[in-house]
Structures are given as C-alpha cells and as structure tokens.
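In: Mind folding the following:
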Amino acid sequence: AITLLGVWWIGRLTDPGRGASLGMLPQVNEQRASVSEGFRRLRAVRSLRRTWWAATFFGGGVVAFLSLQSVYFKDVYHYGAFARGGVLVLYGIGGLFGTVIGGALVQRQLLNNRPELLPVVNGLMVVEFGAGIVLMGVLPWVGGALAAVFLLSLGGSGFAPAYNAMIGLVASPRLRGQAF
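Out: Next up, the predicted model:
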C-alpha cells in the first residue's frame, strides 16, 4: 500500500524540463530534435568526437583489464579465487580514491576558471592507468604488483570526473544525455 501511494505521489510531479535548473529552458516553439539529428549536432563538436574515440578505446581497455588482472594473478602468483577477489577489492578501493582525486582536480580547474585543463587531467589519469599496467607487469614481486594495481586503479576511475565535466561543458542541456 505504501508503495502504491508513493507511485501515485511521484506520478503527480511535473517535469521541469531539460535545462530548467540552469535557466536554459528551450523556446516553447522549439521542436525536439530526433536522435539522429541530436547525434549530427553533437558530432559537429570537434572535442566531443575526439573524446568519444578516446573513451571507446580507454573504456574497452579498462573493462578487459579486470578479467586479465585475475588471470595474471592466477598464472603468475598462483592466487586462488579468494585472493584474486581481494585484488579486485584493492582495485575498487583505489578506484574510489581515484574518483575523489579526479573530482578534486576538476573542482580546482573549474574554480580557477580553467576548463581548458580538463583534458589534461583526463589524459594524466589515462597515462597513470597505463603506467600502472606496465609496472604491474615488470615488477618481479607480488607486493609491487599489488601496489601497481592500486596505482592503476586511481587512473582507471579518476578520469571519469574530468570526462563527465568536459562533456557537460560542451554539450547543450537538451543533448547532454545523448552526449554521455
């Protein structure tokens, strides 16, 4: 009964419209763009095209890395399932710290009115992820490999605040959801 009351109450709420919180409501007579028209408009933004390509390759690498990381610790250090799960927890904790650090760096750039440095923050996080993978592979002892996992997870998650802020700045409120 409480759930149905909640559904009824939420159903009575009105949508303020895209961009209303920013004071950027579209004109009443403005026609909503189709998905293909929205994509055409977003594709015209040069920085978005570059960001999408980079995000595709980086995201594909990060997702694949998680599986390969478990195989690496199984084959090289003979870790069992429980220990490999512990390595994933370490990766997750590092990712949490990476998100906090990335967010702080983004806030600093935006407060200093330097949004053009967001791609630098993004790039540094990506480079850190890559450097951590190299370190994990070349360090001959398990402690070093675990430290490298923590380091690379900082970059693997720390890029997201700068990435999201960049997209939020260059895409109009109406097309922002499609840009992400």
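In: Residue 159 and residue 120 touch, don't they?
Out: No: between residue 159 and residue 120 there is no contact under Cβ atoms under 8 Å: 11.4 Å. Placement of C-beta: from N, CA and C, glycine included.
In: Tell me which of the two has more neighbours.
Out: residue 159 (27 against 13; other Cβ atoms under 10 Å).
In: any idea how far the more buried one lies from residue 82?
Out: According to Cβ to Cβ, to the nearest Å, residue 159 and residue 82 sit 30 Å apart.
In: And residue 43, by the same measure?
Out: Counting by Cβ to Cβ, the separation of residue 43 from residue 82 is 47 Å.
In: Same drill for these two, tell me which one is more crowded.
Out: A direct count of neighbours by other Cβ under 10 Å for residue 43 and residue 82 places residue 43 higher, at 11 against 7.
In: Now that one. Nearest residue, chain neighbours left out?
Out: residue 49 (6.2 Å; Cβ to Cβ, 6 or more residues apart in numbering).
In: other SSEs contacting the one helix or strand that neighbour maps to?
Out: For residue 49, the element it lies in under DSSP states H and E is helix 46-77. Counting contacts by 3 or more Cβ pairs under 8 Å, 6 or more residues apart in numbering; DSSP states H and E, helix 46-77 packs against helix 81-111, helix 118-138, helix 142-170.
In: chain center to it, what's the gap?
Out: 12 Å (Cα atoms, centre = their mean, to the nearest Å).
In: what angle separates it from helix 118-138?
Out: 20 degrees (axes from the mean of the first three to the mean of the last three Cα atoms, to 10 degrees).
In: Helix 46-77: which residues count as buried?
Out: Using 16 or more other Cβ atoms under 10 Å as the test for burial, helix 46-77 gives 48, 51, 54, 55, 58, 62, 65, 69, 70, 72, 73.
In: Redo the residues you listed as JSON lines? Include distance to residue 115.
Out: Shown next, in JSON lines, are these (distance: Cβ to Cβ, whole Å):
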{"residue": "48", "distance to residue 115": "14"}
{"residue": "51", "distance to residue 115": "13"}
{"residue": "54", "distance to residue 115": "17"}
{"residue": "55", "distance to residue 115": "18"}
{"residue": "58", "distance to residue 115": "20"}
{"residue": "62", "distance to residue 115": "24"}
{"residue": "65", "distance to residue 115": "29"}
{"residue": "69", "distance to residue 115": "33"}
{"residue": "70", "distance to residue 115": "38"}
{"residue": "72", "distance to residue 115": "38"}
{"residue": "73", "distance to residue 115": "39"}
